[in-house]
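Asks: Return a 3D structure for these sequence lines:
(chains A and B)
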Amino acid sequence: MAHPTLPSDDELIPRLLANDETSYAQIVTAYHGLMVHLARAIVGDAIADEVAQEAWVAVLRALPKFERRSSLKTWILRIVSNTAKSRLRHESRTVSLDESLEESPIIDPARLKPNAHWASPPAMWHADTPDALLASTELRRCISDALATLPPLQRAAVTLRDMQGLSMEAICKILEVSESNGRVLLHRARSRIQMAIEEHEGQ
Amino acid sequence: MPSCKDITEHSSDYLDRNLPWWKRMGYWLHLAMCVHCRRYVDQLKLTIDTIGKSPEATTPNVSQEEIQAIVEKMKQSTKNKDG
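Replies: You can find the predicted model right below:
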């Protein structure tokens, strides 16, 4: 969905193509924060802003060829994602962006019986609302650390879905993954955070 | 009927209502009988809501100065292209 303060893509795109400065300011105001958020998820804090700025130049360069197969917002975020992935590959800071799709179990196999039912089931947590969980400084740090150690595409999926509320369809286009891979990325990310909370709660 | 392992592997699809109806039925039946998996799925739901309320979920702030600087860069890039 387009940003509520922006005109429709049909109105905005011709203005951007005509180098209208007011439209530049409008679209940067609407999307730059989101772009930095996504870039942070993929490349980390240090160069996220630089990646988002680089993406704006790439957006303007590619705009005449934009085929409207997605919304302008989704297309811009895809450029951010690709710019960020290129930076990561260039800097060789990660072996594989797709680490998350490797076959590793969601639950530690030691917690399951041979018949695939629980041997060591989840314990109760001390809190049952997000606010109550986040009231603990230690747990906030634990969640923050768990988010920081997710593989880049998992972190991007959880940022776009659970923090920014984008649809899975848009997220898969942005990250250039299939629908099923997008769902795997998201579920693995959520499960890792859940396990981090569980470990903390079990202490 | 799915096993507890199946429940853990597809719990996001269940919560996001992305399972076909027949799988959803099996899932629902398992949850009706298994207190451990009910707790597991409830905790996943709580995790998702907590991620959404965590400090990391806040969209980074962008100042007017930053916006203006980016707009200038954009103008410059189109001038370079046109020139």
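Asks: Now residue A:25: closest residue in space, sequence neighbours ignored.
Replies: Distances taken as CB to CB, 6 or more residues apart in numbering or on different chains place residue B:71 nearest to residue A:25, at 5.2 Å, with adjacent residues excluded. Using the backbone N, CA and C atoms, a C-beta is placed for each residue, glycine as well.
Asks: Pull the contacting residues for the one you found.
Replies: Residue B:71 is in contact with A:21, A:24-25, A:28, counting by CB atoms under 8 Å, 6 or more residues apart in numbering or on different chains.
Asks: And whichever strand or helix holds it, how far out from the chain middle?
Replies: Residue B:71 belongs to helix B:64-82 when assigned by DSSP states H and E. Remark: helix B:64-82 is offset 33 Å from the chain centroid, using CA atoms, centre = their mean, to the nearest Å.
Asks: What average pLDDT does that helix get?
Replies: Averaged across helix B:64-82, the pLDDT comes to 87.
Asks: Columns secondary structure and neighbour count on top of the contacts of residue B:71, output as a markdown table?
Replies: Listed next are those as a markdown table, based on DSSP: H, G, I helix; E, B strand; the rest coil; neighbours: other CB atoms under 10 Å in any protein chain shown:
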| residue | secondary structure | neighbour count |
| --- | --- | --- |
| A:21 | helix | 12 |
| A:24 | helix | 22 |
| A:25 | helix | 16 |
| A:28 | helix | 23 |
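Asks: Throw these into a markdown table and include pLDDT, thanks.
Replies: Shown next, in a markdown table, are those (pLDDT from 0 to 100):
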| residue | pLDDT |
| --- | --- |
| A:21 | 94 |
| A:24 | 95 |
| A:25 | 95 |
| A:28 | 97 |
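Asks: before we move on, the earlier item: could you give me the buried positions within the helix holding residue B:71?
Replies: Neighbour-count burial for helix B:64-82, counted by 16 or more other CB atoms under 10 Å in any protein chain shown, picks out B:66-67, B:70-71, B:73-74, B:77-78.
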